[in-house]
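>>> 3D, please:
(chains A and B)
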Amino acid sequence: MNSPASKSALPAHPAAKAGGGAGEFLVTRLEEMVSWARKNSLWPFPFATACCGIEFMAVAAAHYDIARFGSEVMRFSPRQADLLIVAGTVTDKMAPVLRKIYDQMPEPKWVISMGVCASSGGFYRAYHVTQGIDEIVPVDVYVPGCPPTPEELIHAILELQKKIASGEKSRDGRSKKFAAEQTS
Amino acid sequence: MTVAAEPALSAPAERLRERLASAPGGLRAEVADRDLPTIEVAPEAWPALARYLRDDPGCRYDLFLDLCGVDNLKRPGQKTRFEAVVHLHSLSRNEHVRVRVPLPNSDKPSLPSVSDVYPAANWFEREAYDLYGFDFPGHPNLHRLLCHDAFVGHPLRKDYAPGQRWFFAEEDLRMPAWSKDTDVRAGHFETQTISIGPSHPATHGIIHLVARLDGERIVRAETMIGYLHRCFEKMAEKHHWNQIIPYTDRLNYVSAMINGVGYVRTVEKMLGVEVPERGRLVRTILSEFTRIMDHCVCIGANLVDIGALTSFVYLYQNRENVYDLLEACCGARLTVSYVRVGGLAVDVPDDFVARCRGLLESIPKLLDDVEKLVNNNRVVRSRLSGTGVVTKEQAVAWGMTGPMLRASGVPYDVRQARPYDFYDRFDWDVAMARDGDNFARYLVRLEEMRQSLKIIRQALEILPAKGPVNSDDWRVVLPPKDAVYHDMESLIYHFKLVMEGVRAPAGERYEWIEGANGELGYYAVSDGRGGPYRLKVRPPCFPNMAAFEHMVVGGTVSDAIATLGTLNIIAGELDR
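Have a look, this model is predicted:
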């Protein structure tokens, strides 16, 4: 590739302006190029359990067309996916399955929690419902709504793309709660 | 407007009493007259009664609809703490009946299983065991169904705290006992047991099928559900009647409007509230559009599973168009929460009729396109024709209703058998097929969408241009905001309704309508407070799913996937 840094596709790296060393310059550019490629080709694993799954189908169908954001390649094998979209209520019975699927996804990986049930249990404050998937897996973007509209999910994907472009690493396999307990 | 089964309930009850009195051997059962003829029987006499009700030519209650428990701990004045309540339907005589079985007080109340009389009772009994701890001696497979296997206690008992959770790990999962032993037969290589689901692209929500394969054929199977058990019935007991409407939307979330209509009809019947014609017609129109949306997803997703992606995109466009209408009415696309006890949340927008007419033009075109793509497609035909066959007798024995039952040649549709709202005024036909295979179910759903369009067209013609959509009984419906601000009495009604809820009189009621998947029934028990004492949903896809493990035996795995698609399982309704 002649110049991956050609002005149109890739943003100029601050290091380029600051005039960093030659080696450092190259490494950073490569990372940025990789993030740019990653953010525009997220392969989602649709963990669609409930109502939100139907709205997720709407995002995948012709009208909202998630392909415009490079994320239309649904993979039902966690080994082939890098974005876990948890769409719907996760019950205590389903929780071990979710964790297993997350563990089976190769790094780097990201998680979108779609809808209030996945984010907090929603209005099911009940004996069989996990009160938010961040009890089990780390979450990158929470989407409110019951169910969120397709626009909201698309917004979440765009937010995640920003996060990936900024070079922020996906978190390790520990949940937020667990990590907080470790640090306190 | 008259409702067929409602007036003069005493005649069927009287007749039932005579039939039971003439039973050979004598059945000790009492018949009472409630909203339905209600038989009360002791647990030990229940199997004999069930057999008699099914087989006696004067009864013929052949369709097992529902079995649920009730805990009377906080409802004084009842005979025993626990009772089991069963609802049956007679297809030939078009009547419902209720059987109440009060269970003698004990920590493990028990009544004999009737799963040999009614195969459909199998899962309902497992559910009652799971949620109430009832014991069913004689049941072939009495294990938890909805709650996970590390669960302690029985959550729908009144002394169980709603938020009490139990930790569940992967190794706690109970696999069927037969799945663990190897089965080597002469001339065969060793069979293997596989799990399809709970997370699988073709399981439509989350369903777990454990199947033993001999080569490509399934020789034994068991379905495990409960992965989306969101405790609807427990949540309902903690809320006011109107507050439950959003929960009902999330039962069958693919056709949310119909659930809401079925639910509020139950409450309205308990209260004796009459909804104005315009309100009921709007409900009918939106319910039929919702039915179309439901069938679109069912057919579309089924075709995706067998490899036809294009028609899904066409069918989903229908949904998007209907979403626009729903959004204009209530602001939400999927989970509409548009109905209220006594009417609707708000009146429809001014361009409602024009929007509906627009849909009446756009939907048939898309359906025609799908028909052209699918009906004579060789791949579709070879995958769907002759697979997943259910005979008429099997469909009835398994308690199927809706498109499943009608595709097997039984013309039972609640809209026609017991016309509610205005269905008896419209000219429409019940869609039916005879083959009972997957393709027949596809055809029935396709035709039902066309019939729904026909109903909507006629409903739009008689829809009054103006007029109230809500009842003017302020004890039930919120008074207009303007009156609340300026009039003391309205303010009091508003306050009482919001703080205490609608007060349904003490008693019980079973109301049923035609959901997208079949008979959708709500059995509500009220103790006179602002919310239900007990609310049981009769989920139409629950018996359909219970039959799945029998339907797939003998077929290949790929047939099982095609069959699961035409069952139209919606996990929210299945697991509640």
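>>> what count of nearby residues applies to B:Glu216?
Other residues near B:Glu216 number 10, with proximity taken as other CB atoms under 10 Å in any protein chain shown. Every C-beta, even on glycine, is put in place using the N, C-alpha and C of the backbone.
>>> correction: B:Asn377
Neighbours of B:Asn377 under the rule other CB under 10 Å: 15.
>>> who's in contact with it?
B:Asn377 makes contact with B:Ala308, according to CB atoms under 8 Å, 6 or more residues apart in numbering or on different chains.
>>> quick check: the gap between it and chain A.
Using CB to the nearest CB, to the nearest Å, we find B:Asn377 at a distance of 20 Å from chain A.
>>> swap in B:Asp413?
Counting by CB to the nearest CB, the gap from B:Asp413 to chain A is 25 Å.
>>> for that residue, what are its contacts?
Counting by CB under 8 Å, 6+ apart, B:Asp413 touches B:402, B:406, B:430, B:514.
>>> keep those, but drop any that are not near chain A.
Within the set of these, contact with chain A (CB under 8 Å from any CB of the partner chain) is found for no member.
>>> what residues does chain A have near chain B?
A:47-51, A:53-55, A:57-58, A:61-63, A:76, A:88-89, A:91-97, A:100-101, A:123-129, A:146-147, A:149.
>>> which of the contacts of B:Asp413 are buried, as a PyMOL select command?
Of those, the buried ones go into a single PyMOL selection, burial set by 16 or more other CB atoms under 10 Å in any protein chain shown:
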select buried, chain B and resi 402+406+430+514
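>>> now flag whichever of the contacts of B:Asp413 is closest to B:Arg355.
Within the contacts of B:Asp413, the smallest distance to B:Arg355 is 24.1 Å, found for B:Glu514 (CB to CB).
>>> and the gap between the closest residue to the closest one other than its chain neighbours and A:Arg75?
With CB to CB, 6 or more residues apart in numbering or on different chains as the criterion, B:Glu514 has its nearest non-adjacent residue at 3.9 Å, and that residue is B:Val414. B:Val414 sits at a distance of 41 Å from A:Arg75 (criterion: CB to CB, to the nearest Å).
>>> who has more neighbours out of the two?
Legend: neighbour count by other CB under 10 Å for B:Val414 and A:Arg75, higher for B:Val414 (21 against 16).
>>> hang on, the more buried one packs against B:Ile513?
Yes. Here B:Val414 reaches B:Ile513: they are 5.7 Å apart, a contact under CB atoms under 8 Å.
>>> what sits in contact with each of these two?
B:420, B:519.
>>> would you confirm that B:Ala440 belongs to a helix?
Yes. Counting by DSSP: H, G, I helix; E, B strand; the rest coil, B:Ala440 is found in a helix.
>>> spit out the contact partners of it.
B:Ala440 makes contact with B:407-408, B:433-434, according to CB under 8 Å, 6+ apart.
>>> just to revisit the earlier point, now, the contacts of B:Asp413 that are in strands?
Among the contacts of B:Asp413, the residues falling in strands (DSSP state E) are B:Glu514.
>>> so can I have a markdown table of the contacts of B:Asp413 showing pLDDT?
Output for those, formatted as a markdown table (pLDDT from 0 to 100):
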| residue | pLDDT |
| --- | --- |
| B:Gly402 | 91 |
| B:Arg406 | 92 |
| B:Val430 | 91 |
| B:Glu514 | 92 |
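>>> closest one of the contacts of B:Asp413 to chain A?
Among the contacts of B:Asp413, B:Gly402 lies closest to chain A (CB to the nearest CB), at 19.2 Å.
>>> what is the neighbour count of the closest residue to the closest one other than its chain neighbours?
Distances taken as CB to CB, 6+ apart put B:Gly518 closest to B:Gly402, at 2.6 Å, once the chain neighbours are dropped. For B:Gly518, the count of nearby residues is 28 (other CB under 10 Å).
>>> cool, B:Gly163 as well?
By other CB under 10 Å, neighbour count at B:Gly163 equals 14.
>>> who's in contact with it?
Residues in contact with B:Gly163 (CB under 8 Å, 6+ apart) are A:125-127.
>>> B:Ser199 in helix, strand or coil?
coil.
>>> and it, how close does it get to A:Lys100?
B:Ser199 is 9 Å from A:Lys100, by CB to CB.
>>> break chain A into its domains for me.
As assigned by automatic domain parsing, chain A contains the domains A:1-39, A:43-180.
>>> highest mean neighbour count out of those domains?
The highest mean neighbour count among the domains of chain A, using mean count of other CB atoms under 10 Å in any protein chain shown, belongs to domain A:43-180: a mean of 20.
>>> pLDDT on that one, on average?
Taken as a whole, domain A:43-180 carries a mean pLDDT of 86.
>>> residue numbers of the stretch 151-300 of chain B in contact with chain A?
So the stretch 151-300 of chain B meets chain A at B:151, B:155, B:160-170, B:173, B:198-201, B:205-206, B:226-231, B:234-235, B:246-247, B:250, B:253-254, B:297 (CB under 8 Å from any CB).
>>> so B:Arg165 touches A:Tyr124, yeah?
No. Assessed by CB under 8 Å, B:Arg165 is found out of contact with A:Tyr124, at 11.2 Å.
>>> burial count for B:Asn105?
Using other CB under 10 Å, B:Asn105 has 10 other residues around it.
>>> return the per-residue confidence for it.
For B:Asn105, the pLDDT comes out at 86.
>>> buried residues in stretch B:148-159?
Per 16+ other CB under 10 Å, stretch B:148-159 contains these buried residues: B:148-151, B:154-157.
>>> do stretch B:452-459 as well
Residues of stretch B:452-459 classed as buried: B:452-459 (neighbour count, 16+ other CB under 10 Å).
>>> which neighbours do B:Arg165 and A:Tyr124 share?
By CB under 8 Å, 6+ apart, no residue touches both B:Arg165 and A:Tyr124.
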